[in-house]
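Visitor: I would like to see how this sequence folds:
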Amino acid sequence: MKKYLSSRLTNLSLKVLSMVAKFLLIIYIGKYLSTQALGEYGLFVTTVIISMYFLGMDFYTFNTREIIKHEEHHRFILIRDQFIFHIVVYAFVLPLLFSVFLFGVIDYQYIVLFYLVVVAEHISQELFRLYTTLSMPILANILLLLRTGVWVYILMALWIYGLDDTKNLYSIYLAWFLGAFSSILLGVYYLFKIYDKKTLATKIDWLWIKNGFKTSMPFLVGTVAYKVIEFSDRYMIDYYMTKADVGIYTFFGSIANTMQTLVFTLVVMMYYPKMIELYKDNKLDDFKDTTKKFFWEVMIYSFLIIIGISIFIYPVLEYMDKIEFIENINVLWVLLGGILILNLSFVPHYTLFVKHKDIAIRNITILGAVLNIGLNVLLIPFYGLVGAGVATFGSYFAIYYMKKIKVY
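Guide: Here you go, the predicted structure:
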């Protein structure tokens, strides 16, 4: 029991350190660099995240089940074939990503670092998922901390101690790549330590790869639709307004998203395994009671976090000393409302999930994405950043309502 608690505490600490690093980076970019630079950073990060989904094609959803059901001696072959699949996808997707430079989303001066970051970030993420599947959560979270946290703390220390040459986007992207690359080195090292590398001489199973691709595609469609809702507003703001406006929106969006991360970690991850177990055992009364508790805990935790954000946001803005953030504080309240609705939607979402209503979940998400794009086009030209926030709120509310109706 002691060992179990110690392991959980270690995992939680590593996750918190990673989350805090992301938050600090946004604050320090807002303080030490221009609002336009923050906007450029926001678009860079958004493009990397979306690109990673097309590089990964959600293949891990297929291979996770494959790894679990196969014997240990066969797992290294499955892992190798997954990365063979990714290499093939790289050959098609990476050239297409050049379009983000043609359309001026990212400046040409960052082209090399963009490609280095997107590939390193993707490989590191797949290794994180892999070690999670292999029931090695501490190693998985160490890789996550290297990828998202350690380099941030080092870079922030350099900024605080006055190394002005490092206060630029180039240094941030370079440090990001080095952090992700170091996590890859550690992850690959342990793979070769765990498994016999002689198994890699086995013939590549192209039929298995093809089957995995076909199985993963429906998941990819739903995931991309969700990411459209989460990130399309930043591209729309860049199109209709300025990169400085993207910077303001990115800052408040990052703060609002901490609520979703915390609620998911503290509540959702605790409840949905229980729901799966109860539904599988046909304990429907207990399932209903658990669903109600799930809803109220999501509500309570969300409001507590909103109160916490309301208390500390003004000292943070005062520390940053940028009037444009204070003038647009209303954007934060709208986005927090949207994240509250998103958190509540997890309850009907996982109710549908345990009942294997995957197609319904996907279709609802696609409808939400289409609605989000339409609302952004309608609202941003007239209401600016608040309009973008309202579009996000409206999309999440529509998804919540449709999932709730589907449950009933």
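Visitor: residue closest to the middle of the protein?
Guide: residue 49 (7.2 Å; C-alpha atoms, centre = their mean).
Visitor: mind listing what the residue nearest to residue 82 when sequence neighbours are not counted touches?
Guide: Excluding the flanking residues, the one nearest residue 82 by C-beta to C-beta, 6 or more residues apart in numbering is residue 63, at 4.9 Å. (Each C-beta comes from the backbone N, C-alpha and C, glycine too.) For residue 63, the contact set (C-beta atoms under 8 Å, 6 or more residues apart in numbering) comprises 78-79, 82, 212.
Visitor: one step back: thinking the residue nearest to the centre of the chain is in contact with residue 231, fair?
Guide: Yes. Assessed by C-beta atoms under 8 Å, residue 49 is found in contact with residue 231 at 7.0 Å.
Visitor: from the contacts of residue 63, which two are the most distant?
Guide: Spanning the widest gap among these are 79 and 212, at 12.3 Å by C-beta to C-beta.
Visitor: And the pLDDT at the residue nearest to the centre of the chain?
Guide: pLDDT for residue 49: 93.
Visitor: got the contact list for it?
Guide: For residue 49, counting by C-beta under 8 Å, 6+ apart, the contacting residues are 227, 231.
Visitor: Centre of the chain to the helix or strand where it lies, how far?
Guide: Using DSSP states H and E, residue 49 sits within helix 35-56. Distance of helix 35-56 from the chain centroid (C-alpha atoms, centre = their mean, to the nearest Å) equals 11 Å.
Visitor: in the helix or strand just after that helix, what's buried?
Guide: The helix or strand immediately downstream of helix 35-56 is helix 59-69, counting by DSSP H and E. For helix 59-69, the neighbour count (16 or more other C-beta atoms under 10 Å) marks 59-63, 66-67 as buried.
Visitor: Tabulate the contacts of residue 63 in TSV, adding columns for neighbour count.
Guide: Listed next are the contacts of residue 63 as TSV, based on neighbours: other C-beta atoms under 10 Å:
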residue	neighbour count
78	17
79	22
82	21
212	24
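Visitor: In helices, which of those residues appear?
Guide: Within those, residues falling in helices by DSSP state H are 78-79, 82, 212.
Visitor: Can you tell me which of the residues you listed is nearest residue 143?
Guide: The closest of the ones in helices among the contacts of residue 63 to residue 143 turns out to be residue 79 (C-beta to C-beta; 14.6 Å).
Visitor: give the contact list for that closest one.
Guide: So residue 79 contacts 63, 67, 130, 191, 195 (C-beta under 8 Å, 6+ apart).
Visitor: ok, so of these, who is nearest residue 202?
Guide: Closest to residue 202, out of all of these and judged by C-beta to C-beta, is residue 195, at 11.9 Å.
Visitor: With adjacent residues omitted, what lies nearest to the closest one?
Guide: Nearest one to residue 195, counting by C-beta to C-beta, 6+ apart, is residue 76 at 3.8 Å.
Visitor: quick one: the helices in the stretch 1-150 of the chain?
Guide: 2-32, 35-56, 59-69, 72-96, 99-102, 111-133, 137-145 (DSSP state H, counting those that start in this stretch).
Visitor: Give the rounded mean pLDDT of the fourth one.
Guide: Helix 72-96 carries an average pLDDT of 93.
Visitor: Give me the buried stretch members for it, please.
Guide: Here helix 72-96 shows 75-82, 85-86, 89, 93 as buried, counting by 16+ other C-beta under 10 Å.
Visitor: when you compare where that helix runs with where helix 59-69 runs, what's the angle?
Guide: Between helix 72-96 and helix 59-69, the angle comes out at 170 degrees (axes from the mean of the first three to the mean of the last three C-alpha atoms, to 10 degrees).
Visitor: Hmm, residue 246 is touching residue 44, no?
Guide: No. Counting by C-beta under 8 Å, residue 246 does not reach residue 44; the two are 10.5 Å apart.
Visitor: which of the two has more neighbours?
Guide: The residue with more neighbours, out of residue 246 and residue 44, is residue 246; 29 against 23, by other C-beta atoms under 10 Å.
Visitor: Now that one: closest residue in space that isn't a chain neighbour?
Guide: residue 39 (3.4 Å).
Visitor: which residues sit in contact with the one you found?
Guide: Counted by C-beta under 8 Å, 6+ apart, residue 39 has contacts 238, 242-250.
Visitor: Rebuild those residues as a markdown table, extending it with distance to residue 309 and secondary structure.
Guide: Shown next, in a markdown table, are these (distance: C-beta to C-beta, whole Å; DSSP: H, G, I helix; E, B strand; the rest coil):
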| residue | distance to residue 309 | secondary structure |
| --- | --- | --- |
| 238 | 25 | helix |
| 242 | 26 | coil |
| 243 | 25 | helix |
| 244 | 23 | helix |
| 245 | 21 | helix |
| 246 | 21 | helix |
| 247 | 19 | helix |
| 248 | 16 | helix |
| 249 | 16 | helix |
| 250 | 16 | helix |
